[in-house]
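Q: Sequence and predicted structure, then a few things I'm wondering about:
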Amino acid sequence: MTVPLSTVVAQAFTKLDPRHLWRAPVIFVVWAGSVLTTVLAAFHPSVFAWSVAGWLWATVLFANAAEAVAEGRGKAQAASLRATKRETTARRRRDDGTEDQVPGSELSVGDVVVVSAGEVVPGDGEVVEGVATVDESAITGESAPVIREAGGDRSAVTGGTTVLSDEVVVRITTRPGESFIDRMIALVEGAQRQKTPNEIALTILLTTLTIVFLVTVMAIQPLAAYSGRTQPVVVLVALLVCLIPTTIGALLSAIGIAGMDRLVQRNVLAMSGRAVEAAGDVSTLLLDKTGTITFGNRRATELRPVGEVAAHDLADAAHLASLADATPEGKSVVELAHTEYGVDGGRTAEALGRDGACFVEFSATTRMSGVDLPDGTRIRKGAGSAVRAWVAETGGAVPPEVQVVVDAISSAGGTPLVVARQLGTQPAVALGVVHLKDVVKPGMRERFDVLRRMGIRTVMITGDNALTAKSIAAEAGVDDFLAEATPEDKMRLIRAEQEGGRLVAMTGDGTNDAPALAQADVGVAMNSGTAAAKEAGNMVDLDSDPTKLIDVVEIGKQLLITRGALTTFSIANDIAKYFAIIPAMFVGLFPGLDALNVMRLHSPESAMLSAVVFNALVIVALIPLALKGVRYTPSNAAALLRRNLLVYGVGGVVAPFVGIKAIDLVVSLLPGLA
Ligand SMILES: Nc1ncnc2c1ncn2[C@@H]1O[C@H](COP(=O)(O)OP(=O)(O)OP(=O)(O)O)[C@@H](O)[C@H]1O
Ligand SMILES: [K+]
Ligand SMILES: [Mg+2]
């Protein structure tokens, strides 16, 4: 997406408003200098004075243009997002089950709506019933349909997307006007853009330098007067503008905007610029296992009864315990028991509930789910350690055979769910184990290798047991893992890493990941994840691809390196200009200074004008670099820094000598220049 030149030019002039320029103090000083030299040129016209005034205005306009080009790309994106925002009619479901039609813009949080195939989702929400394929291309640009279903970590739907097949019931979670697309528009338009702490620190440094040079330049006048020759104010302004760090001052905002934009291009929305910068300094990356490293559709593939228990008996218990379990795991147990073990498929959770059964929902903290039947029978299924503890509570004990089966499933990378049943007040008995299978996504190992080369340690965190975790960790190639982690454990691990001064990134999709996503310096929530996860993180990946963090880190590093490189270049540049201008200014006074005039410039006036012209043109020359970013390859950070210092530091010193000399050759042809 390129921005029309006319728009950029118009924007550059609009941004001349001092209230806007004030945010970039260096450029504000150039603006003040432009006004001053214009007034002086009007009173004492000369080719030199008008040329300097003209090029100073050009300097400010170039800085404005850099920002306008950077912003323009986001504006184009915002326009295309706005086009996807159309008025929808929602089928709102009343408490009594009947429906009424309301405009999508009148929905409120908590409303329940029905969306069928071919209809547009009227607002952001969570699927509470059903499963459907959804076309999210309106927001992701990706045409492949995705599955959204109740219960799991893939329950979020976004307003403006279209249901392709089936029907879902959605509970609205955001108010109209504050929806995901609204926030996205505000974000890419830069309306919410605030300076990051790093940008503020750099601005303070640049402002300080500006003040130092201002004082220095003002001190020249009394000295010059003492020597019997005051310098024209136009010359002093030209000198000041050449000395202050205008290059980085002009490009700073564009660099930040372009970084955000590069993320948006890769379908990642950062809620703050600070998060993007933090991504550049991340040293530890935490990943959820299920759905992140693995595909996340853990399915029951086998039931393993223990002792004298009949397969059908285990299947029946597992079926009962899963009837009301809305997680993908729970649903797959129901399906397996029915199709492979012939359990009666006619039983429903509703009917059981009417008879007085009480369901125990799965939670990441208890790691168990189950049912209490009206006849006093209690069934639980869940993580080995959790069920063992429950059995012990009832006075029973889990036989060693269970552990053997659990370990066998775990070592193969599967998730074992132990099923136990308590009849009346007797001690509970372990019936057997459900084998849940999940597949590691392809290409994981390569991606983790890239991260390692970037100096980032990858840690997998999972609620699963240590053996499963170990097996999957080895297969995926992560550096470390944390097993049997509760939501609090995840957050604690992040805190511990942060205490060592390290920045931590985390990707996740579940409600149980929310505390950790909030605690992490960079929290990337999957767009497919729950509303809680998306609220907690500071980035959302529209593609729901956890390894996208590699891109995020790359862009963050690129942003930091680009800013560092251009700052180095800018300051080196200014120092070199000092040597070009000072000899020219005083050569009439101290002929000995001519020895310093290594560039052999045409005349003092052409030397000074050439420096001002160079100073302005260098901004234009560096706009593409500011927008595209310095090339980054995962390699030794120290080597990269050395290389950058060399290229941009030495380059910054040499460039003005060559540039000013070349411009001087042209400028000296100007008639009327002394
Ligand atoms: N529906 C369920 N009913 C009972 N127990 C379950 C269910 N789903 C998962 N479990 C058990 O709870 C454990 C933790 O849950 P889960 O794997 O969702 O945690 P997590 O912290 O999200 O980790 P992960 O990184 O694997 O997603 C699982 O390893 C499994 O033993
Ligand atoms: K400068
Ligand atoms: Mg999970």
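A: Structure's in. What do you need? Not measured: the values here are computed from a predicted model. Residues are numbered from 1 along each chain as shown. Ligands and ions are numbered 1, 2, ... in the order given.
Q: Next one: A224 relative to V233, how far apart?
A: Taken as CB to CB, to the nearest Å, the spacing of A224 relative to V233 amounts to 12 Å. Quick note: C-beta positions are derived from backbone N, CA and C, even for glycine.
Q: so which strand or helix has S570?
A: Using DSSP states H and E, S570 maps to helix 549-586.
Q: Show me the shaky parts of the chain.
A: Residues of the chain meeting the criterion pLDDT under 70: 1, 190-193, 587-598, 635-637, 674.
Q: how far away is the closest residue to ligand 2 within it from R148?
A: Using CB to the ion, the closest approach of the chain to ligand 2 is made by T246 at 3.7 Å. Using CB to CB, T246 is found at 51 Å from R148.
Q: Those two: which has the busier surroundings?
A: Of the pair T246 and R148, T246 is the one with more neighbours under other CB atoms under 10 Å, namely 29 against 26.
Q: Residues of the stretch 301-450 of the chain that sit close to ligand 1?
A: Proximity of the stretch 301-450 of the chain to ligand 1 (CB under 6 Å from any ligand atom) is limited to residues 325, 327, 329-330, 362, 364, 367-369, 381-383, 415, 417.
Q: Now go through the residues you listed and say which are in strands.
A: Within these, residues falling in strands by DSSP state E are 368-369, 381-382, 415, 417.
Q: can you put those in TSV and add distance to ligand 3 and neighbour count?
A: Written out in TSV, the entries for these read as follows (distance: CB to the ion, whole Å; neighbours: other CB atoms under 10 Å):
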residue	distance to ligand 3	neighbour count
M368	15	21
S369	14	25
K381	17	30
G382	14	25
T415	11	26
L417	15	31
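Q: of those, closest to Q403?
A: Of all those, L417 has the smallest distance to Q403: 14.0 Å, by CB to CB.
Q: pretty sure S253 is touching A24, no?
A: Yes: here S253 reaches A24: they are 6.5 Å apart, a contact under CB atoms under 8 Å.
Q: Quick check: the residue of the chain nearest ligand 1.
A: Per CB to the nearest ligand atom, G463 is where the chain lies closest to ligand 1, at 2.4 Å.
Q: Could you measure from G529 over to I494?
A: Distance of G529 to I494, computed by CB to CB: 18 Å.
Q: How about Q101?
A: In this structure, Q101 and I494 are 46 Å apart, going by CB to CB.
Q: what's the answer for P122, then?
A: Taken as CB to CB, the span from P122 to I494 is 36 Å.
Q: Can you tell me which residues in this structure are near ligand 1?
A: By the criterion of CB under 6 Å from any ligand atom, the positions of the chain lying close to ligand 1 are 288-290, 325, 327, 329-330, 362, 364, 367-369, 381-383, 415, 417, 462-464, 485, 510, 512.
Q: filter those to the buried ones?
A: For those, a burial check counting by 16 or more other CB atoms under 10 Å picks out 288-290, 325, 327, 329-330, 362, 367-369, 381-383, 415, 417, 462-464, 485, 510, 512.
Q: hang on, R23 is in a strand, isn't it?
A: No: per DSSP: H, G, I helix; E, B strand; the rest coil, R23 lies outside any strand segment and is coil.
Q: Let me see the contact set for G104.
A: G104 makes contact with 87-90, 122-123, 159, 176 under the criterion CB atoms under 8 Å, 6 or more residues apart in numbering.
Q: Make a PyMOL selection of whichever of those turn out to be buried.
A: Only the buried entries of the contacts of G104 go into this PyMOL selection, using 16+ other CB under 10 Å:
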select buried, resi 88+90+122+123+159+176
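Q: so who does L467 touch?
A: For L467, the set of contacting residues under the criterion of CB under 8 Å, 6+ apart consists of 406-407, 410-411.
Q: Sticking with it, tell me its helix or strand.
A: With the criterion set as DSSP H and E, the secondary-structure element containing L467 is helix 466-476.
Q: Same check on A533?
A: Under the assignment here (DSSP H and E), A533 is part of helix 531-536.
Q: So which bits of that helix are buried?
A: Residues of helix 531-536 classed as buried under the neighbour-count rule (16+ other CB under 10 Å) are 531-534, 536.
Q: chain center to that helix, what's the gap?
A: Its chain's C-alpha centre and that of helix 531-536 lie 14 Å apart, by CA atoms, centre = their mean, to the nearest Å.
Q: Quick check on the closest residue to ligand 3 within the stretch 351-500 of the chain: phi, psi?
A: Of the stretch 351-500 of the chain, the residue with the smallest distance to ligand 3, taken as CB to the ion, is G463 at 6.7 Å. With angles defined as degrees, to the nearest 10, G463 shows backbone torsions of phi -80, psi -10.
Q: wait, it sits on A485?
A: Yes: because the distance of 6.0 Å satisfies CB under 8 Å, G463 is recorded as touching A485.
Q: where does the residue of the stretch 101-250 of the chain found nearest ligand 3 fall, helix, sheet strand or coil?
A: At 5.7 Å from ligand 3, D153 is the closest residue in the stretch 101-250 of the chain, using CB to the ion. With three-state DSSP as the basis, the three-state label of D153 is coil.
Q: so what's it up against?
A: Shown here is D153, whose contacts under the criterion CB under 8 Å, 6+ apart are 290-291, 296, 509-511, 526, 528-530, 533.
Q: So which of those sit within helices?
A: Assigned to helices by DSSP state H, the following of the contacts of D153 qualify: A533.
Q: Just the buried residues out of the contacts of D153, in ChimeraX syntax.
A: The following ChimeraX line selects those of the contacts of D153 that are buried, judged by 16+ other CB under 10 Å:
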select :290,291,296,509,510,511,526,528,529,530,533
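Q: so which of the contacts of D153 are also by ligand 3?
A: Among the contacts of D153, the residues lying close to ligand 3 (CB under 5 Å from the ion) are 290, 510.
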